[in-house]
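1. Could you work out the structure for the sequence below:
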Amino acid sequence: MNISDSSFSGRRVEQQVIGQATRDGDGVKLTRVLTQSHQRRLDPFLMLDNFGSDDPNDYGGGFPDHPHRGFETVTYMIAGRMRHRDSAGNEGLLQNGGVQWMTAGRGVVHSEMPEQEEGVMEGFQLWLNLPSSQKLCPPGYKDIQSESIPEYQTPEGIRVRVIAGQSQGVIGAVHRSAAEFPTNPLYLDIHFETEGQFRQELNVQQNAFLFVYRGAVHVVTDGLETHVGLHRMAILQNEGNGVEIKAMPGSKVLLIAGQALNEPIAQYGPFVMNTREELMKAVDDFRAGLFNS
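-> So this is what the prediction gives:
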């Protein structure tokens, strides 16, 4: 990171959140960590789901054909195999360490189905809002295999996977100009392979949160430490120019941040627009089969 020790100001933990257990798709068991109640606070992020089980009854049904409009889905697979197919003709195999980044735009129908009958399936799906000017853009899809995700290791031995954005000069697998997509997301997967502390620069205008999926971490602010336990989401206050995370070996945490759109959010299931009228149009277009071309 480019901020010197003397000028670094770490963000505090504003709130910790425990996810809600639910099922989605064809009965897939998951935990909804970022829910609609946090959409305004964590704008531009709409949802974060964490799925993980070694019981095929919890994931075997997968996510059959379903529509989306007006946002992006980012699926990060920690373990397992899942096949993506969509109405725009895209297909890809999401597997250990890989990412599927789909821009629904004006509308797409897709499926995500397991390609395994046993073993662990674990990962995350993040919903990232699109600005009003991009909500009806052409659908897009990027299939990013694990070996294509840039990584670096700090002198302390902390391994950082840069899925989106930029960290310590390393540009992520997805890095777009603000002119293209003003949300400018940062998405890091941080592995504490040794005990240590990690710092990441953050713009004060970025909303940010972290999610602990192995072990536990501490967020350090002015020498004070706030404990964040396993399977907790910590929302970071919008103050300071970065975040400092301390953890023991084996801990793993996602750090996610993005520029707020500050636009109205109108959601009806898999459609996210700005007004009720736009939602009604999305439903009508889907029923008319306009998402299938």
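2. CA only for contacts and neighbour counts going forward, please
-> Will do.
3. For the residue nearest the centre of the chain, list each beta-bridge partner.
-> Against the mean C-alpha coordinate of the chain, by Cα atoms, centre = their mean, the closest residue is residue 126 at 3.4 Å. Each beta-bridge partner of residue 126 is listed here, defined by DSSP bridges: residue 48, residue 74.
4. Who are the contact partners of it?
-> The neighbourhood of residue 126, defined by Cα atoms under 8 Å, 6 or more residues apart in numbering, consists of 45, 46, 47, 48, 49, 73, 74, 75.
5. for the second one, what are its contacts?
-> Contacts for residue 46 were tallied using Cα under 8 Å, 6+ apart; they are 34, 35, 36, 38, 39, 126, 127, 128, 129.
6. and what of the third one?
-> Contacts of residue 47 were listed using Cα under 8 Å, 6+ apart, and they are 32, 33, 34, 35, 36, 39, 125, 126, 127, 128.
7. what's the neighbour count on the last one?
-> The one in question is residue 128. Under the neighbour criterion other Cα atoms under 10 Å, residue 128 is assigned a count of 22.
8. Give the next helix or strand downstream of the host helix or strand of it.
-> Under the criterion of DSSP states H and E, residue 128 resides in strand 121-129. Using DSSP H and E, the next helix or strand after strand 121-129 towards the C-terminus is strand 140-144.
9. partner strands of the helix or strand following that next one, parallel or antiparallel?
-> Scanning forward in sequence from strand 140-144, with DSSP H and E defining helices and strands, the next element found is strand 151-153. Looking at strand 151-153 with DSSP bridges, its partner strands are strand 158-164 (antiparallel).
10. how far does the helix or strand following the partner strand sit from the chain's center?
-> Moving toward the C-terminus from strand 158-164, the next helix or strand (DSSP H and E) is strand 166-167. If you compare the mean C-alpha spot of strand 166-167 with that of the full chain, they lie 16 Å apart, counting by Cα atoms, centre = their mean, to the nearest Å.
11. Now do strand 166-167: everything it contacts.
-> When contacts are defined by Cα under 8 Å, 6+ apart, strand 166-167 is touched by residues 1, 172, 175, 186, 200, 201.
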